[in-house]
Every structure is written in C-alpha cells, then in structure tokens.
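predicted coordinates and the sequence they were generated for:
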Amino acid sequence: MDVREVLEPIRSPLLSPGDRVRIVSPACPPGRDGVARGAQLLTSWGLQVELGEHVFDRWGYMAGRDEDRAADLNAALRDPGVRAIVASTGGKGAYRIVDDIDFEAARRDPKPLVGFSDITHIHLALWARCGLASLHGPFANWSDEWCGPTSAEALRRALMTDEPIVLHRDPNEVTAAVTVDGLATGILVGGNLDAIRTEAGAGLPNLRGAILFLEHQKGTGLGEVDRALTQLTRSGALDGLSGIALGQFLRFEECDSDPSLGGWRIKDVLRDRLTHLGVPVLGGLPIGHGHHPPTLPLGTRATIDTAAGTLSVEPAVY
C-alpha cells in the first residue's frame, strides 16, 4: 500500500471509562509484577483490564509458541468488547507472527495497539495491510522509575482523548545535531530501526509520501546503523519519502572513544546516510527506548517543522 493512496487512515474509537483493554504478549514474556502495575494504572482510568491466555507463557526467549502468541492477539482483535490492546513487552518474536494476524478483524473493528521496539513489526503490518493507526507507546510491563506520571498521562491522552500530539526537539538528544531544514507533511510510519530493516522485502509498506520515524538503541555499534540505513536505501524503501523524524539513538556514546571509528559518532552516521535523500530531517525527538517515553500515533497525518523543532501528529483515535 502506497501511503499516498490512503485518503483517510483507519482510526479507532477513543476509550471511555468502563471499556475493556486486553494485555497480550506478542514477543517476550513480561514480569508479573510489572504487568500488575500496568493493569493497576489502566484500571485507575476506569478501564477494565484483561490478560491474554498466554501472557506469561515461555517458549525459549518468547512468550509461548508462535501459534499461541498469535492466538492471543487475534482473540483481542476479534472480541468486539475489547477496545484497545496493550503489548506487555517487546524483545524478540513479534516478527514471527505478523503473517498470522487476522487483518480482516482489525479492519472490521478497529482498536488501537500500544507498544514499541519489537512491536514495530506489528505496527507496520497493521498499516501495510489495513491502513490502521496505532500507538508507539509504553508497555503494560510498567515501571514507575522507567515511565512515571508524565508517560502515564501521555498514554491516557492518546487513548482517551482526540487531541493531536506534538513532540518538541530536545537539544540534549544526540540526534538533535542531525537536521535538514524544511517543512514536510505525510503519514507517520516507522518505529525501531532494526524492525524496519528486518521488514524490508518481507512486509515493509511502501513509504512514498510518508514521514519515516526512526529510533534505536546500540547493539554492536555504529556499523549496525550504517548497514540498516544502507540496506533500506539500496532496496529502494526510502525512495519518495516526505521527511524523516529522528527519535532517540541510545548508548552510542560508548563508541565515542573507539579509535577505530575515525572520530565518527552516531550523529555522523545518521547525517551521512540520511541527508543525501534530499528531504527535511528533524532530529532530537525525545522518544524511543529512553526513560519517561511519550506516546506517539503511527499511521496518521503528521507534520515536521524544523524551524519550530516540532513533530505534530493527528490522533489515532476519534
């Protein structure tokens, strides 16, 4: 699906007190205490919280077998009483079940999915096959130290109000140094860079006309980002983008003293790989794998304004 072909993304009804929310585990198993805290938070907003049957299962490093994780997600999509789905945690494994999602159920009865990191695979699939808007937001495996009241309120607003979301450039983020001036409007698509790279050739939606949102945290080093962005460029996946919104690229300061890198830092890799695309780039957005994450709609219309340092996004609910 070319994002330019979508005249109006599919949005979900906003939540109200009394609505049911289902917590599922499409990737790795969560901690029981964290999920209890997440359920308590959702309940404090007047929502009724349910757990998928296999939330705490374990099969290797995943939360149960593929068919069980997919079954929990599909059961939530098919249940007309469930009005939102919250992933318990990320990690690994969501990419294994994307082809088993009941997209017809998602299209027939839209409801927002909340999660990030490995859940990016599901966000991309829902957009590519349904045009469904979703939410890049915190997991149900809640930690007040990691999230806190600011994140909680941002998630509540994204689920229970139809207010637009505006993120402001934070000059303290390492990606703030990566900016190509301009104004761009398009459907906001993306999330974790590694997940986006993995979906190239296996379900990544056509990004022509889109604003691509990218965030990442360090694994092996600068080379992993270089390889991912080069693969996306060579595959043609980045052709025709409207703009790029850069979130957090965390822990790469560990590379700064490595003499083998020739003085390059993560900002140099991002600048080298992205500025040649000839589209506006807004860096420094405080969203990704860091503490106190905001919630960001995906699959709705957005605008980046590098002069104002803002990313403005229409809500995923109405």
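Noted; the coordinates are in hand.

determine the set of other helices and strands touching the top strand by length along the chain.
If each strand of the chain is counted by residues according to DSSP state E, the longest one is strand 183-192. Under the contact definition 3 or more C-beta pairs under 8 Å, 6 or more residues apart in numbering; DSSP states H and E, strand 183-192 sits against helix 120-130, strand 211-217, strand 243-250, strand 296-298, strand 301-305. To be clear about C-beta, it is placed using only N, CA and C from the backbone, and glycine gets the same treatment.

and it with helix 120-130, angle?
With axes from the mean of the first three to the mean of the last three C-alpha atoms, to 10 degrees defining the directions, strand 183-192 sits at 120 degrees from helix 120-130.

and for the helix or strand just after strand 183-192, what's in contact with it?
As assigned by DSSP states H and E, the chain's next helix or strand after strand 183-192 is helix 193-199. Residues outside helix 193-199 that contact it (C-beta atoms under 8 Å, 6 or more residues apart in numbering): 95, 117-118, 120-121, 124, 190, 204, 212, 214-216, 219, 224-225, 227-229, 231-232.

my guess is residue 100 contacts residue 72. True?
No. Here residue 100 lies out of contact with residue 72, judged by C-beta atoms under 8 Å, at a distance of 11.2 Å.

which one's more surrounded, the two?
The residue with more neighbours, out of residue 100 and residue 72, is residue 72; 26 against 13, by other C-beta atoms under 10 Å.

report all helices and strands that the strand or helix carrying that one contacts.
In this structure, residue 72 sits in helix 66-78 according to DSSP H and E. Counting contacts by 3+ C-beta pairs under 8 Å, 6+ apart, helix 66-78 is packed against strand 20-24, strand 82-87, helix 103-108.

can I get these in TSV including distance to residue 50, mean pLDDT and mean neighbour count?
Below are those laid out as TSV (distance: least, C-beta to C-beta, whole Å; pLDDT from 0 to 100; neighbours: other C-beta atoms under 10 Å):
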stretch	distance to residue 50	mean pLDDT	mean neighbour count
strand 20-24	5	99	24
strand 82-87	7	98	25
helix 103-108	17	98	17
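
state the distance from residue 300 to residue 186.
Taking C-beta to C-beta, to the nearest Å as the measure, residue 300 falls 10 Å from residue 186.

what does residue 220 give?
Taking C-beta to C-beta as the measure, residue 220 falls 31 Å from residue 186.

so for the two, which sits in the more crowded spot?
residue 186 (22 against 9).

just checking, the more buried one touches residue 302?
Yes. Here residue 186 reaches residue 302: they are 6.7 Å apart, a contact under C-beta under 8 Å.
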